[in-house]
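[1] After the sequence you'll find the predicted model.
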Amino acid sequence: MDENIRVALEKQNPWWFDKPFDTGIERLRYYPSILKYLEVPEILLLAGARRTGKSTLLYQVIKHLIEIKNISSRSILFINLDEPLFQSKSEDPAFLSRVVGEYSSENQETRLYLFIDEIQNYDYWVQTTKILFDTQKNIKIILTGSTSTLLKGAITTNLAGRCLSMRVYPLSFQEYMDFRGVKKPTILEKKQEFETYLKFGAFPRVVLERDERIKQDILKNYFQTIYLKDIIYPHNLRSNRDVFDLLYFLISNVGRLLSYSKIARILNISVDTVKEYIEYAEESYLISSITKFDHSIKKQMANPKKIYCLDTGLVNSVSFKFSENRGWLLENLAYTTLSRQEPDVYYHREKYECDFLIKDNLKIRQAIQVAASLMDEKTRKREIKGLLEAMKSHGIKVGSLITEDGGKEIHAGGKTIAVKQFYEWVMEKV
């Protein structure tokens, strides 16, 4: 093996030499399937935005293998493809298989656990992992990646039947409380921590940072990293200003109804360009969009979309002032909380609007409305009307109204509305 490559690998695999390595704060209990999937032959892919903790989860899995499963440290090969030396080999079709083959030959382990971080940095990752999976039955492959379309496309085509995937998100509120070391919190502590969670978001590094100015700097850096590494560079985009303006507009308008044509008019770019750039932003996990529910897929696609950002901390650091747009921030947080567990989220809009519908198989089973406050009677009536309309449209008996005010259960039109305190609702979600 080339000496430079060996040196790089030795730095990335300190357990070979019984040296300590940082595994961060435990998150595996929130991702129990990771350990379960270690016992099956399929490739495991952890996908998600940069800085959400995918690499740390790999280190926690490695620690589990060594300390709990008593796996030999030499049976574990970790390759971080963000390493500049490895990035320089991204167009070498034999590089990765050669490294794995040489390492395997040198160590003669009966089973090899192969961890590859940021797999999308290697042009031939699909072909390489497919061949390894098909020919080397003694190798368990665990990957991470930060670009959804590239990864999903591979899973549904070349790696079909060979790969299981999991999404890694920023911290849930319960995880956030764990990271902050808050146990058995009082109501006041829950409210205070929720305020910080909403304002600065849930990226692990940001949560652990105490200085608010540094938090903001880190968040701006994360945005730039995703913007450049996962949107601009991979797609060879030259109109950086147009991309930035679009992202700024979208993140500044989370939760609003937006159409491609409206965005195009405001930014003075073509509708096709808007579609293209939004697609790239979604691929990077920076934003997500939901559509109005309709049994016709064609009608769903024709209706305006609602855009949400990966993290409320990014919203606050990149766009508008926190205190002036609390309702939209709460709605964004509600969406990111729901999306961890619900694959099919829509909005409802007829005469009135309901923020979220949750589909289970072919049936809408939940209707959820989000409001910062119900103290204003006009706002209260509007939010309840929208929720009731959605419940009646889909035959839902009990709906949820999530607000910072809390309140008593509401009975209207033969329906029941459970009114939930926002910080309590978000704490229930894993």
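    The structure has been received and is ready for your questions. Computed from a prediction, not measured in an experiment: that's the story for all the values here.

[2] which helix of this protein spans the most residues?
    Counting residues, the longest helix found in the chain (DSSP state H) is helix 377-394.

[3] Which residues in that helix does the neighbour count mark as buried?
    Using 16 or more other C-beta atoms under 10 Å as the test for burial, helix 377-394 gives 380, 382, 383, 384, 385, 386, 387, 388, 389, 390, 391, 394. Quick note: C-beta positions are derived from backbone N, CA and C, even for glycine.

[4] Can you give me the distance of the second one to residue 419?
    Distance from residue 382 to residue 419, counting by C-beta to C-beta, to the nearest Å: 15 Å.

[5] Equivalent analysis for the first one, please.
    Applying C-beta to C-beta, one obtains 11 Å for the distance of residue 380 from residue 419.

[6] how about low-confidence regions in this structure?
    149-156, 320-324 (pLDDT under 70).

[7] Domains in it, by residue range?
    3-167, 172-325 (automatic domain parsing).

[8] Could you report the neighbour count for residue 39?
    7 (other C-beta atoms under 10 Å).

[9] Please renumber the chain so that the first residue is 427 from this point on.
    Renumbered: residue one is now 427, and that last one reads residue 465.

[10] Using the three-state scheme, assign it.
    coil (DSSP: H, G, I helix; E, B strand; the rest coil).

[11] Provide the contact partners of the strand or helix carrying residue 698 at residue level.
    With secondary structure defined by DSSP states H and E, residue 698 is part of helix 697-709. Helix 697-709 is contacted by residues 573-576, 656-657, 661, 663, 665, 668-669, 672-673, 676, 686-687, 689-690, 693, 713-715, 733 when judged by C-beta atoms under 8 Å, 6 or more residues apart in numbering.

[12] distance of the residue most central in space within the chain from residue 608?
    In the chain, the centroid-proximal residue (C-alpha atoms, centre = their mean) is residue 595; its distance is 3.7 Å. From residue 595 across to residue 608, the span is 20 Å (C-beta to C-beta).

[13] what packs against the longest helix of the chain?
    When contacts are defined as 3 or more C-beta pairs under 8 Å, 6 or more residues apart in numbering; DSSP states H and E, helix 803-820 packs onto strand 771-775, strand 779-786, strand 789-797, strand 824-829, strand 836-838, strand 841-847.

[14] Can you lay out those strands as TSV showing mean neighbour count?
    Formatted as TSV, the helices and strands packed on helix 803-820 follow (neighbours: other C-beta atoms under 10 Å):
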stretch	mean neighbour count
strand 771-775	22
strand 779-786	21
strand 789-797	21
strand 824-829	21
strand 836-838	13
strand 841-847	18
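
[15] Switch those strands over to CSV; also include distance to residue 474.
    Converted to CSV, the helices and strands packed on helix 803-820 look like this (distance: least, C-beta to C-beta, whole Å):
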stretch, distance to residue 474
strand 771-775, 17
strand 779-786, 21
strand 789-797, 24
strand 824-829, 25
strand 836-838, 37
strand 841-847, 27
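
[16] which stretch among the ones you listed comes nearest residue 524?
    Shortest separation from residue 524 across the helices and strands packed on helix 803-820 is recorded for strand 771-775, at 43.7 Å, computed as C-beta to C-beta.

[17] That closest one: how far from the chain's middle?
    A distance of 20 Å separates the C-alpha centroid of strand 771-775 from that of its chain, computed with C-alpha atoms, centre = their mean, to the nearest Å.

[18] rewinding a little: ok, of the buried residues of helix 803-820, which one's closest to residue 639?
    Out of the buried residues of helix 803-820, the member with the shortest distance to residue 639 (by C-beta to C-beta) is residue 809, at 36.0 Å.

[19] what's the closest non-adjacent residue to that closest one?
    Using C-beta to C-beta, 6 or more residues apart in numbering and skipping residues adjacent in sequence, the residue nearest residue 809 is residue 797, 4.7 Å away.

[20] Could you pull up the residues touching the one you found?
    Applying C-beta under 8 Å, 6+ apart to residue 797 gives the contacts 753, 756, 805, 806, 809, 827, 828, 829.

[21] Test my guess that residue 491 contacts residue 504.
    No. Assessed by C-beta atoms under 8 Å, residue 491 is found out of contact with residue 504, at 11.2 Å.

[22] ok, the residue nearest to residue 783 when sequence neighbours are not counted to residue 720 distance?
    Distance criterion C-beta to C-beta, 6+ apart; nearest residue to residue 783, sequence neighbours excluded, is residue 772 at 4.5 Å. In this view, residue 772 and residue 720 are 9 Å apart by C-beta to C-beta.

[23] what residues are shared contacts of those two?
    Common neighbours of residue 772 and residue 720 (C-beta under 8 Å, 6+ apart) are residue 726.

[24] Show only the entries of the contacts of helix 697-709 found in strands.
    Using DSSP state E, the subset of these located in strands is 713, 714, 715, 733.

[25] Now tabulate these in JSON lines and tack on neighbour count.
    Shown next, in JSON lines, are the ones in strands among the contacts of helix 697-709 (neighbours: other C-beta under 10 Å):
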{"residue": "713", "neighbour count": "19"}
{"residue": "714", "neighbour count": "18"}
{"residue": "715", "neighbour count": "15"}
{"residue": "733", "neighbour count": "24"}
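
[26] Would you format those as JSON lines with distance to residue 835 included?
    Listed next are these as JSON lines, based on distance: C-beta to C-beta, whole Å:
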{"residue": "713", "distance to residue 835": "35"}
{"residue": "714", "distance to residue 835": "31"}
{"residue": "715", "distance to residue 835": "32"}
{"residue": "733", "distance to residue 835": "32"}
